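Chemist: coords below, sequence missing:
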């Protein structure tokens, strides 16, 4: 997982100019801010969570008596994620990074006003080599697409 997240950060860095243009088109943010701030934060976020992927493990906790106590960290399952229109790239990274680092699958709905960068990141996720179905980007309106995600019985978080 960590290698895939790191490679995703590399591809975002490779396509930084295009993504900054797309972010400007998507939500009207000035290009120089999208390029310098949003893309920088997005790349750093994916690299941060790439580093966490191999550091998530359980612990054995000392206890009195003939007992063994331990924690076990495991994926929660399917994460339904709905992101707002402001900072679409950064918000997507804040949601996808931790979920993927922990081994969860994701169904994400970007804001209907700003879906372009989320859809482009989905193409990069495919290029990186994440298995099909691990990340699902579902553009649409809040009451329909968002409602379906939040009400679905197989969405765990």
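Modeler: Happy to help now that I have it. Because the structure is predicted, anything quoted here is derived from the model rather than measured.
Chemist: Helices of the protein, start to end?
Modeler: For the chain, helices defined by DSSP state H occupy the ranges 2-14, 16-27, 31-33, 39-52, 88-101, 116-128, 147-151.
Chemist: Show me the one of those helices that comes nearest residue 70.
Modeler: With CB to CB as the measure, helix 39-52 is the member of those nearest residue 70 (20.2 Å). The way it works is simple: take the backbone N, C-alpha and C, and place the C-beta from them, glycine included.
Chemist: when you compare where that closest one runs with where helix 116-128 runs, what's the angle?
Modeler: Between helix 39-52 and helix 116-128, the angle comes out at 40 degrees (axes from the mean of the first three to the mean of the last three CA atoms, to 10 degrees).
Chemist: residues making contact with helix 39-52?
Modeler: Applying CB atoms under 8 Å, 6 or more residues apart in numbering, the external contacts of helix 39-52 come out as 1-6, 8-9, 12-13, 16, 19-20, 23, 89-90, 92-94, 96-98, 100-101.
Chemist: now this protein, which segments are flagged as low pLDDT?
Modeler: Within the chain, not a single segment meets pLDDT under 70.
Chemist: Now do the contacts for residue 157.
Modeler: For residue 157, the set of contacting residues under the criterion of CB under 8 Å, 6+ apart consists of 76, 77, 78, 79, 80, 104.
Chemist: 6 Å - rerun?
Modeler: 76, 79 (CB atoms under 6 Å, 6 or more residues apart in numbering).
Chemist: one step back: so which of the helices of the chain is the most surrounded?
Modeler: Comparing those on average neighbours per residue, with mean count of other CB atoms under 10 Å, the densest one is helix 88-101 at a mean of 23.
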